[in-house]
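J.: this is a predicted model, with the sequence first.
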Amino acid sequence: MGSSGDDGYRLLNEYTNGFMVSQVGYALWDKQGNVYPQQTNMARQTTMARVYLQQTTMAGVYPQQTTLAGVYLQQTTMAHVYQCNKPACSVHPSLSFLREGKNQYLQTFGVPAEDLFTAIYRSEGERLQFMQALQEVWSVNGRSVLTAFDLSRFPLMCDLGGGPGALAKECLSLYPGCKVTVFDVPEVVRTAKQHFSFPEEEDIHLQEGDFFKDPLPEADLYILARILHDWADGKCSHLLERVYHTCKPGGGILVIESLLDEDRRGPLLTQLYSLNMLVQTEGQERTPTHYHMLLSSAGFRDFQFKKTGAIYDAILVRK
C-alpha cells in the first residue's frame, strides 16, 4: 500500500480497537483493589495516547480504501468477524487483569494462556476463522514487511507458524525462484490444504510440526510473523535458540511485529496490541532494544530493524 493506504489502515485499526481504550480507562479509574505497576503503566500510556489522538474525520477515508473496507468493514470477512469476537471478549475483564497482574484467558475462554492455541484451534470452524483472518491481514500488510529488506539472498525460506501460507505466496511473488516451507501444527496444515489454494505448489511445501518441540526444517531464512508477541521472554528465547541451532551459517531470521517506541509511549495501535497480548496471552509487543536483547542472547548478530510506516515492522538478523 502507499502512504494513503497505510493511513487508512491505521485509522481503521484505531476505530476498530477503540473499545480497548474505554475498557482500560474504566479499569484505571476504579480505585478498588491493588494494581500491578507494569500493567498499569501500559494501560495509562495507552489511554493517554488515545486522548491526544489528532481529531480525524471518517468521511473521505473509508470510501477511498476499497481493499481495506472490503477486508475489515464487510461483516462477512474473517478479519472483521475475528476482530469483533476474540479481542473484545478478552479485553473486557481489564479490571481483573490490572488487579491480578496476569492475563484473563482462562476466565474468558476456559483454557490457560499456556494453551492459547488450544482455544483458537478447538474446532474446525474456529481454526478456519482464525486462518482466514490471517490470510486477509497479510493480503494488506505482507508486501511492506517482506520488502523492508532485500531477501533475495535467501533462496530457501521457512515461515514458522505460517498458517494459511499467505506470506509464503507473497514471498514467491516478490522473490521469484525462492522456495518456502510453511511449518505449522498438524491440524493447521490439514486445514490449509483443505481450504486454501496453493497454485505454486512446487515452490511451497507445507510441513507439520510444533516449532517448540519438533525438528525445524532447514532454511536460509526463518520468518517469524506475529509469533514472538504471543509469548513471554523465556519461551521466545527457547524458540530463538532452536532456530539458531538449525539455521545455516550466514542465514537469518526475519521478525515481523508491531514495534513499540523505545519509551513505550507509542504508537497507539502497538500499545493497544500489547495490551491485547498482555490480557490474552503471556506475551507483549516489544521495543527494538528488547528484541535486540532476545535475538543477540540466542546468538544472532547484525541486528537491523525498519519501521515500515505501516502497522507491522521488520527486524533482520544473521547467524
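T.: Now that the structure is in, tell me what you want to look at. Numbers count the residues shown, from 1 in each chain.
J.: wait, what's in contact with the spatially closest residue to residue 274 that is not a sequence neighbour?
T.: Of all residues not flanking residue 274 in the chain, residue 285 sits nearest, at 3.7 Å (C-beta to C-beta, 6 or more residues apart in numbering). Placement of C-beta: from N, CA and C, glycine included. Shown in contact with residue 285 (C-beta atoms under 8 Å, 6 or more residues apart in numbering): 229, 257, 258, 259, 260, 270, 271, 273, 274, 277.
J.: how close does residue 285 sit to residue 123?
T.: Noted for residue 285: a distance of 28 Å to residue 123, by C-beta to C-beta, to the nearest Å.
J.: do the same with residue 138
T.: From residue 138 over to residue 123 the distance is 23 Å, taken as C-beta to C-beta.
J.: what of residue 172?
T.: As judged by C-beta to C-beta, residue 172 and residue 123 stand 31 Å apart.
J.: and the pLDDT at the residue nearest to residue 274?
T.: Residue 285 is assigned a predicted lDDT (pLDDT) of 94.
J.: swap in residue 196?
T.: 90.
J.: contact partners for the residue lying closest to residue 147 once chain neighbours are set aside?
T.: Excluding the flanking residues, the one nearest residue 147 by C-beta to C-beta, 6+ apart is residue 174, at 6.3 Å. Counting by C-beta under 8 Å, 6+ apart, residue 174 makes contact with 143, 146, 147, 151.
J.: now, which of the residues you listed sits nearest residue 182?
T.: Checking these against residue 182 with C-beta to C-beta, the nearest one is residue 146 at 14.4 Å.
J.: what number of residues lie near the closest one?
T.: Number of residues near residue 146 (other C-beta atoms under 10 Å) recorded here: 22.
J.: same check, this time on residue 127
T.: Going by other C-beta under 10 Å, the residues that sit close to residue 127 add up to 21.
J.: if I look at it, how far off is residue 134?
T.: 11 Å.
J.: what two of the contacts of residue 174 are the furthest from one another?
T.: 143 and 151 (12.1 Å).
J.: restrict the helix or strand harbouring residue 193 to CA atoms and write it as PDB.
T.: In the assignment (DSSP states H and E), residue 193 maps to helix 186-195. Output of helix 186-195 as PDB, limited to C-alpha atoms (Å, rounded to 0.1, in the frame of the first residue of the first chain):
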ATOM      1  CA  PRO A 186      -0.800 -30.800  12.000                       C
ATOM      2  CA  GLU A 187      -4.400 -29.500  12.300                       C
ATOM      3  CA  VAL A 188      -3.400 -26.200  10.800                       C
ATOM      4  CA  VAL A 189      -1.600 -27.800   7.900                       C
ATOM      5  CA  ARG A 190      -4.700 -30.100   7.200                       C
ATOM      6  CA  THR A 191      -7.000 -27.000   7.200                       C
ATOM      7  CA  ALA A 192      -4.600 -25.100   4.900                       C
ATOM      8  CA  LYS A 193      -4.600 -28.000   2.400                       C
ATOM      9  CA  GLN A 194      -8.300 -28.300   2.500                       C
ATOM     10  CA  HIS A 195      -9.400 -24.700   2.400                       C
END
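J.: could you list the buried residues of the following helix or strand past it?
T.: Using DSSP H and E, the helix or strand that follows helix 186-195 in sequence is strand 204-208. Across strand 204-208, burial judged by 16 or more other C-beta atoms under 10 Å covers 204, 205, 206.
J.: doesn't residue 193 make contact with the last one?
T.: So the one you mean is residue 206. Yes: with contacts counted by C-beta atoms under 8 Å, residue 206 reaches residue 193, the gap being 6.3 Å.
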